[in-house]
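In: Give me a 3D structure for the following:
(one chain, ligands or ions: 2)
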Amino acid sequence: MHGRLIHKSDILKIVDHLRKSFIVYAPFVGRGRDSFFDEVTDKNINTIAIHVANPYYPPKRFVLPHIQKLFKITTGDAPAIEPVEQDEKIAVFGMRSCDVEGVFHTDRFFLGNAFGDGYYEQLRKNLFIVNMVCTDTGSDIDEDCFCVCADAGPATKAHFDLQLMDLHDESGDFIAVAGTLAGEELLSLPFFHNASPHHVARRKAVLSEVRKHFKTATSWYSAATNFITRGKISDATWKKVGDRCLECGGCSYVCPACTCFTVTDRPTGNNTFDRVRVWDSCALSGFTRMAGGHNPRKAVHDRRNRRFFRKLGHYFIQREFTMACVGCGRCVRVCHGDIGMPSVVEILRRETAGTVSKEIL
Ligand code: SF4
Ligand code: SF4
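Out: Ligands and ions are numbered 1, 2, ... in the order given. Here you go, the predicted structure:
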């Protein structure tokens, strides 16, 4: 690994440098546990949070905004369609490894098949990612994080432009690694200096110490994938999960690996409209409602199971190479019914394992 060092007192120089070419977003501390990504300005730059709880509102919004204007429509005597330009260059400083993997997942969904999504592609090619590895066990990681089970963290191996990691020693240095040529160019700036094999060894030691602090370090994903793919989960088990869902859609909205959207027209004047795409959620009844009002998935459990088919089913894993969960823990934190990913995986395994064992015997 080719690493360079940067002292913590110089970290914000990276942000300053990026601001010459990008609109830069970084994490800030809000009230209580709250944290959020905001645009960096001269006024707030010194309050950027390096070690902070991961914001609920996931940075997938920089490639898939929760409301995205696609084009403008004019009706009447002079009908017209006017494209909406999306040419802003955005750099996100301090994106967590789980969210970097989340963006890689949305890349595969929107760009990985025969037909790419031009709107996504435009935003993605203008995005620069500075990944901050979670190393502060008091603030970066909480009891709901389980990226280690999803092979997404605490230090992702790729899909960032630049990765920074606090070495937590008396030197006050962070080790930096480039993931792209654009990231490599940053490493030649004067505030970076050479790392030695000692620093690379220190990086490994910090990571192995951090891994010990995850409350959930093993998961039953493989059992859930097996049972879902083979159709072994009973209706009663899905109903048990569905009965706990309040249909708020929160789990989908906060998920960095959820990709569903709907498209609608919003009036902006007497004969003008914006065609927009907005995030959607399989938890909501409107998600499967058809023209005329018929809903083939009226019962909530019939819709709730889609989330887990989609994220853990073998067919999708084969197509996208990984399951559609990066272990960020957001759905655990926001769900009123305690049916975030780890709880459901556990319910599916517990309720199904006995039945499958009997079949084998
Ligand atoms: S967050 Fe929980 S209650 Fe809300 S839609 Fe998702 S599963 Fe249902
Ligand atoms: S399913 Fe839950 S834990 Fe997994 S990536 Fe989505 S929000 Fe995070």
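In: and stretch 121-134, which residues are buried?
Out: Along stretch 121-134, the positions that meet the burial threshold by neighbour count (16 or more other CB atoms under 10 Å) are 123-124, 126-134. For every residue, glycine as well, the C-beta is placed using N, CA and C.
In: Check whether it comes near ligand 2.
Out: No - for a cut-off given as CB under 6 Å from any ligand atom, stretch 121-134 has no contacts with ligand 2; the smallest distance is 14.0 Å.
In: Give me the neighbour count for residue 298.
Out: 11 (other CB atoms under 10 Å).
In: Look up how far ligand 1 lies from the closest residue to it other than its chain neighbours.
Out: Nearest-residue entry for residue 298: residue 285, 7.1 Å, with adjacent residues in sequence omitted and distances by CB to CB, 6 or more residues apart in numbering. Going from residue 285 to ligand 1 by CB to the nearest ligand atom, to the nearest Å gives 11 Å.
In: just residue 222 next, same as before
Out: Counting by CB to the nearest ligand atom, the gap from residue 222 to ligand 1 is 22 Å.
In: Which strand or helix spans that residue?
Out: Under DSSP states H and E, the secondary-structure element containing residue 222 is helix 221-229.
In: which residue sits closest to residue 352 in space, ignoring its chain neighbours?
Out: Once chain neighbours are set aside, the closest to residue 352 by CB to CB, 6+ apart is residue 227, at 4.6 Å.
In: can you pull the contacts of that neighbour?
Out: 233, 348-349, 352, 356 (CB atoms under 8 Å, 6 or more residues apart in numbering).
In: Mind doing that once more with 7 Å?
Out: If a contact means CB atoms under 7 Å, 6 or more residues apart in numbering, then residue 227 has 233, 348, 352, 356 as its contacts.
In: And residue 17, by the same measure?
Out: With contacts defined as CB under 7 Å, 6+ apart, residue 17 is in contact with 186, 189.
In: For the strand or helix carrying it, C-alpha coordinates in CSV please.
Out: Using DSSP H and E, the secondary-structure element containing residue 17 is helix 11-18. Taking C-alpha atoms only, helix 11-18 is exported to CSV below (Å, rounded to 0.1, in the frame of the first residue of the first chain):
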residue,chain,number,x,y,z
ILE,A,11,-6.4,18.2,7.4
LEU,A,12,-8.6,21.2,6.6
LYS,A,13,-6.1,22.2,4.0
ILE,A,14,-7.4,19.3,1.9
VAL,A,15,-10.9,20.9,2.1
ASP,A,16,-9.5,24.3,1.2
HIS,A,17,-7.7,22.8,-1.8
LEU,A,18,-10.9,21.0,-2.9
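In: Identify the residues contacting stretch 351-361?
Out: Where contact means CB under 7 Å, 6+ apart, the residues beyond stretch 351-361 that reach it are 223, 227, 232-233, 237.
In: quick one, helices of the chain?
Out: 11-18, 97-111, 118-125, 181-186, 197-211, 221-229, 235-242, 250-254, 300-312, 314-320, 330-334, 341-360 (DSSP state H).
In: picking up where we left off before, same list (the contacts of stretch 351-361) but as CSV, adding distance to residue 186 and pLDDT.
Out: Converted to CSV, these look like this (distance: CB to CB, whole Å; pLDDT from 0 to 100):
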residue, distance to residue 186, pLDDT
223, 43, 91
227, 46, 94
232, 49, 94
233, 47, 95
237, 50, 96
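In: so which of those residues comes closest to ligand 1?
Out: The nearest member of those to ligand 1, counting by CB to the nearest ligand atom, is residue 237 at 15.0 Å.
In: For the residue nearest the centre of the chain, which non-adjacent residue is spatially closest?
Out: Among the residues of the chain, the smallest C-alpha distance to the mean C-alpha position (CA atoms, centre = their mean) belongs to residue 256, namely 2.4 Å. The spatially closest residue to residue 256, leaving aside those adjacent along the chain, is residue 102, at 2.7 Å (CB to CB, 6+ apart).
In: Which positions in the stretch 251-361 of the chain make contact with ligand 2?
Out: By CB under 6 Å from any ligand atom, the residues of the stretch 251-361 of the chain that approach ligand 2 are 254-257, 311, 325-331, 340-341.
In: For PyMOL, write the select line for the buried members of these.
Out: Below is the selection syntax for PyMOL that covers the buried ones among these, with 16+ other CB under 10 Å defining burial:
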select buried, resi 254+255+256+257+311+325+326+327+328+329+330+331+340+341
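In: Domain map for the protein?
Out: Domain assignment for the chain, taken from automatic domain parsing, gives 3-64+86-211, 221-258+300-360.
In: And the residue of the stretch 101-250 of the chain that's closest to ligand 2?
Out: Counting by CB to the nearest ligand atom, the stretch 101-250 of the chain gets nearest ligand 2 through residue 102, at 6.4 Å.
In: buried ones in the lowest-mean-pLDDT helix or strand in the chain?
Out: Comparing helices and strands within the chain by mean pLDDT, DSSP states H and E singles out helix 341-360 as the least confident, with a mean of 86. Along helix 341-360, the positions that meet the burial threshold by neighbour count (16+ other CB under 10 Å) are 341-345, 347-349, 351-352.
In: repeat for stretch 260-274
Out: Neighbour counts using 16+ other CB under 10 Å place 260-261, 273-274 of stretch 260-274 among the buried residues.
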